[in-house]
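J.: 3D, please:
(one chain, ligands or ions: 1)
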Amino acid sequence: MTAEAPAPVHAEHGSLFTDHLVTARWTQEEGWGPARLGPLADFAMHPGMIGLHYGQVVFEGLKAHRQPGGSLAVFRPDRNALRFQRSAARLAMPEVPAEMFLDAVQTIAAADGHLVGDDPSLSLYLRPLLFASEANLMLRPAREYTFMMMAFVAGGFFGEVVEPVRVWVSRDQARAFPGGTGNVKCAANYAGAFLAQRRAEEAGCQQVVWLDALGSGRVEELGGMNLFFVRGEGPGAEVVTPELTGTLLPGVTRDSLLTLAARLGYRTGVTTITVDQWRAECAAGVITETFACGTAAVVTPVGQVHDSGSEWTIGTGAPGPVTAHLRSALLDLHQGRTSDPDGWMVPVL
Ligand SMILES: *Cc1c(COP(=O)(O)O)cnc(C)c1O
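T.: Residues are numbered from 1 along each chain as shown. This is a model prediction of the structure:
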């Protein structure tokens with residue numbers, strides 16, 4: 001396929017890579033070298049690279065959106081720069097300076113932003129990656145690292161029409177445990193979650209609900225997304241999300257929605273909630289909606305929950321009004337249709 005070939009209409013999310021890549025290298029002797037923009041291409045690696053053997057790899061995900069005047073703007077890249085640093089520090093890796101990270105965001109978005117076209121439902125998903133590129137099989141942190149920033153064109157994660165997802169509660173496998181790496185974006189967290197994701201799909205579900213690893217049944221998050229619960233209805237509804245206990249990922253979307261929901265007049269808060277409580281409160285009509293959120297999926301309603309062979313429906317099973325309200329508020333902000341009092345949208349120059 002040539003670069004001019006039209007994009008496949010039903011391409012899988014994450015497969016439409018753009019044309020460029022930013023790369024920089026860190027060595028123990030010299031620290032960070034310059035970040036360079038080049039064509040996206042395969043690269044040579046030593047088979048003994050530490051990142052490949054011991055999983056010393058972290059990543060990020062953020063999006064640039066087309067704005068009404070035709071420019072592009074990136075949503076809260078400073079938050080991703082900080083989280084990338086926290087992830088790196090947790091795996092004993094050097095931090096990418098925020099300025100280098102934000103410059104790479106600008107460089108790749110400026111180089112490949114045109115591929116988004118002027119369809120506001122498309123966005124440029126940026127994927128920063130940091131891996132241990134030293135060849136050495138000693139069990140120790142590497143002395144050489146490679147930072148890359150690549151991009152792909154993203155549509156709506158679950159399609160443009162937001163169908164509620166059916167989710168599957170993982171009772172016998174855990175994603176994260178106290179003192180582990182659940183609160184950072186390290187590659188190994190995802191490899192460990194793939195088997196449960198496959199089981200969820202075999203049960204006719206799209207995503208895995210992760211519980212705390214200690215058996216208390218506390219709901220933590222959903223696949224690569226954070227969860228929210230809506231109690232009550234209308235303007236007096238309460239919008240809550242599991243608290244950051246150290247075993248769930250502090251999502252930028254989660255943080256943004258807590259702010260947006262409060263601005264829209266909802267009561268907001270953080271909570272602890274078990275699966276049994278979730279089910280009982282749905283049955284009692286207390287919890288009226290549940291949704292998941294993340295950079296890729298934005299805001300996605302949860303319709304049904306499958307747990308240990310039985311299933312329940314949240315509300316009517318259709319997308320709820322509070323979910324729809326928050327989703328459109330966030331999309332309006334991303335796509336420049338509303339005011340941005342916190343300066344979350346950073347223009348691509
Ligand atoms: C990335 C991620 C999220 C969502 O974070 P955002 O910053 O909102 O994209 C939630 N959970 C996990 C496990 C993640 O990796």
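J.: tell me the bridge partners for Cys293.
T.: Going by DSSP bridges, Cys293 is paired in beta bridges with Asn226, Val299.
J.: give the contact list for it.
T.: 225-228, 251, 253-254, 257, 299-300 (Cβ atoms under 8 Å, 6 or more residues apart in numbering). Where you see a C-beta, it was placed from the backbone N, CA and C, and this is true even at glycine.
J.: return the residues of the stretch 101-250 of the chain in contact with the ligand.
T.: 185, 221, 224-226, 249 (Cβ under 6 Å from any ligand atom).
J.: now the residues you listed in a markdown table, with pLDDT?
T.: Formatted as a markdown table, these follow (pLDDT from 0 to 100):
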| residue | pLDDT |
| --- | --- |
| Lys185 | 98 |
| Glu221 | 97 |
| Gly224 | 93 |
| Met225 | 97 |
| Asn226 | 98 |
| Leu249 | 98 |
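J.: circling back to that earlier point, from the contacts of Cys293, which is closest to Val348?
T.: Set against Val348, the nearest of the contacts of Cys293 by Cβ to Cβ is Thr253 (19.9 Å).
J.: what residue ranges in the stretch 151-300 of the chain score low on pLDDT?
T.: Across the stretch 151-300 of the chain, the ranges flagged by pLDDT under 70 are 156-161.
J.: just to revisit the earlier point, just the buried ones from the residues of the stretch 101-250 of the chain next to the ligand?
T.: Buried members of these, counted by 16 or more other Cβ atoms under 10 Å: 185, 221, 224-226, 249.
J.: what's the domain layout of the protein?
T.: 8-154, 165-334 (automatic domain parsing).
J.: chain center to the shortest one, what's the gap?
T.: Right, domain 8-154. The chain centre lies 14 Å from the centre of domain 8-154; the measure is Cα atoms, centre = their mean, to the nearest Å.
J.: just the longest one next, same as before
T.: When distances are taken as Cα atoms, centre = their mean, domain 165-334 is centred 13 Å away from the chain's centroid.
J.: give me the beta-bridge partners of the residue nearest to Ala142 when sequence neighbours are not counted?
T.: Excluding its sequence neighbours, the residue lying closest to Ala142 (Cβ to Cβ, 6 or more residues apart in numbering) is Ala132, at 3.4 Å. Under the criterion DSSP bridges, Ala132 forms beta bridges with Tyr145.
J.: equivalent analysis for Asp307, please.
T.: Under the criterion used (DSSP bridges), Asp307 bridges to Ser310.
J.: same question for Val230.
T.: Bridge pairing for Val230 - DSSP bridges - gives Val239, Glu289.
J.: tell me how many other residues crowd it.
T.: Here the number of neighbours of Val230 (other Cβ atoms under 10 Å) works out to 25.
J.: for it, list the residues it contacts.
T.: 237-239, 287-291, 320, 322-323.
J.: cutoff 10 Å now
T.: Each residue near Val230 by Cβ atoms under 10 Å, 6 or more residues apart in numbering is listed here: 237-240, 261, 266, 286-291, 314-315, 320-323, 325-326.
J.: which of the residues you listed fall in strands?
T.: 238-240, 287-291 (DSSP state E).
J.: with neighbour count added, can I get the residues you listed in a markdown table?
T.: A markdown table is the format used below for those (neighbours: other Cβ atoms under 10 Å):
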| residue | neighbour count |
| --- | --- |
| Glu238 | 18 |
| Val239 | 25 |
| Val240 | 21 |
| Ile287 | 22 |
| Thr288 | 22 |
| Glu289 | 28 |
| Thr290 | 25 |
| Phe291 | 31 |
